[in-house]
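*Asks:* My questions are about this predicted structure, shown below with the sequence.
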Amino acid sequence: MRFAAKRCGVQFSPPSIVLIYEHTETKKVRKRIIPVRNFSKYSDYSMAAERLKNNPRHRDYLEGVSQSQLEKLHIILRDHMQGFSLEHSLSSFCVDPDEDLNKLDDEELARKKGQMDELFEKNRRRKDDPHFVYDLEVDFTKTTLEKCSWDEESDDGF
C-alpha cells in the first residue's frame, strides 16, 4: 500500500469525498477530492460506496478506508440532498438506548443492528485478552420496585 489514509470527510457542493492521505514513501501529506457522480437522494448508499471503492482511479487511495466509513459518508451526502441537517445525519449514527427500533424502516434498522454488532465486537472480551476473567460474577444493585395497582388487587396468597 503506497498511500495511508489519515482522515476522510464530505464536501456538499459539489458532492465529493475528501481524503487526507500520506504517501508512504515520501511521507508527504496530501488532500484528494473524489467527486461522487451519479448519486442522488434516492441512490443506494452501499452500492455507491462499493462502486467508489472499486473504482480503478481511486482504489489505491481508498484501500485504507473501510467500506462502512464510505457508506457513512454517502449517507451524509444523501441526507444533505434530501434536505436534512448535518446534525440529523450524525445523530442517526449514534445508538440511542431509548430509541424505539420498531418504528424504523428495514434499511435503517439493519444499519442500527450493524452498529450494535460493531459495538459488541469492540467491547467483547476474548480468552486471549489481558483483562479476561473466567466466570465473572457481577452483583447489580437492586432498585426498589414501584407498586402497581394491579399488584395489590391480584394478591391471592401466591
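*Replies:* Good, I have the coordinates.
*Asks:* CA only for contacts and neighbour counts going forward, please
*Replies:* Will do.
*Asks:* can you list contacts of stretch 116-126?
*Replies:* Identification of contacts with stretch 116-126 by CA atoms under 8 Å, 6 or more residues apart in numbering yields 95, 131, 132.
*Asks:* now that stretch, how far from the chain's geometric center?
*Replies:* Distance of stretch 116-126 from its chain centroid, counting by CA atoms, centre = their mean, to the nearest Å, is 13 Å.
*Asks:* mind listing what residue 11 touches?
*Replies:* With contact set as CA under 8 Å, 6+ apart, residue 11 has these partners: 17, 18.
*Asks:* What distance do you get for it to residue 76?
*Replies:* Distance of residue 11 to residue 76, given as CA to CA, to the nearest Å: 10 Å.
*Asks:* Please apply the same query to residue 114.
*Replies:* Look at residue 114 and residue 76: by CA to CA, they are 17 Å apart.
*Asks:* With residue 23 instead?
*Replies:* Distance, residue 23 to residue 76, using CA to CA: 27 Å.
*Asks:* who's more crowded, those two?
*Replies:* Set residue 23 next to residue 76 and count neighbours by other CA atoms under 10 Å: residue 76 wins out with 26 against 15.
*Asks:* pLDDT score assigned to that one?
*Replies:* Looking at residue 76, its pLDDT reads 94.
*Asks:* give the contact list for it.
*Replies:* Contacts of residue 76 (CA under 8 Å, 6+ apart): 10, 86, 89, 90.
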